[in-house]
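[1] Please work out how this folds:
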Amino acid sequence: MRMQLKHFRILALFLVIPFLAAGARAAQPQGGEGGPGGEEGRRGPMSPDDRLKQMAKNFSLTADQQAKIKPVLVDAQKKMEDARNNSSGDRQAMRGKIMQIMQDTNSQVRSQLDDKQKEKFDKLEQERMQKMQDRRRGGSGKADGEKSGGAPPPQN
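    Numbers count the residues shown, from 1 in each chain. The predicted structure is shown next:
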């Protein structure tokens with residue numbers, strides 16, 4: 001009887017370990033992008049300093065450009081926080097305010113860039129918008145020409 005109990009415990013242990021490992025993998029952060037050139041695995045908004053560092057890296061910003069763009073990013077973060085906190089539960093209104101803040105911020109940032117930087121900024125912004133639309137439609141975030149290797153997403 002003791003031998004059967006011992007075998008049962010060992011068998012149970014071998015059956016439980018794969019489920020525990022799968023649960024640990026599921027709890028890890030998923031890869032994603034936080035905006036134009038965003039950080040892998042990061043969720044939520046980036047701080048103005050982090051955004052500025054990322055932009056400086058992506059667009060080779062000069063010190064003068066960085067000094068002009070930082071206050072724009074700080075102001076945008078404050079406005080976004082206010083919009084989230086003052087939405088009164090109306091998600092659609094909050095979304096509209098945030099989209100307007102993003103458009104204004106992008107216009108102000110873009111005005112500080114030279115022609116080559118603007119071209120790259122526009123390309124990254126277009127990619128970000130495409131990924132956002134794909135996520136809303138339940139897609140994989142891949143461009144139109146890329147194959148996902150699976151069945152197409154269900155149409156609503």
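[2] Would you mark the buried spots in the helix or strand that contains residue 57?
    Assigning secondary structure by DSSP states H and E places residue 57 in helix 48-59. Within helix 48-59, the residues scored as buried using 16 or more other Cβ atoms under 10 Å are 48, 51-52, 54-55, 59. No exception for glycine: its C-beta is placed from N, CA and C like everyone else's.
[3] Against which helices or strands is it packed?
    Packing partners of helix 48-59 (3 or more Cβ pairs under 8 Å, 6 or more residues apart in numbering; DSSP states H and E): helix 63-85, helix 115-136.
[4] quick one, it and helix 115-136 angle?
    Helix 48-59 runs at 120 degrees relative to helix 115-136, counting by axes from the mean of the first three to the mean of the last three Cα atoms, to 10 degrees.
[5] helix/strand/coil for residue 100?
    Of the three states, residue 100 takes helix according to DSSP: H, G, I helix; E, B strand; the rest coil.
[6] ok so, going back, compare the helices and strands packed on helix 48-59 and give me the one nearest residue 106.
    Residue 106 lies closest, by Cβ to Cβ, to one member of the helices and strands packed on helix 48-59: helix 115-136, at 6.5 Å.
[7] residues of that closest one that come out buried?
    For helix 115-136, the neighbour count (16+ other Cβ under 10 Å) marks 117, 121, 124-125, 128, 131, 134 as buried.
[8] ok, and residue 61, which helix or strand is that part of?
    Using DSSP H and E, residue 61 sits in no helix or strand.
[9] so who does it touch?
    Residue 61 sits next to 52, 55, 69, 117 when contact means Cβ atoms under 8 Å, 6 or more residues apart in numbering.
[10] and if we set it to 10 Å?
    Contacts here follow Cβ atoms under 10 Å, 6 or more residues apart in numbering; on that basis residue 61 touches 52-53, 55, 67-69, 109, 112-114, 117.
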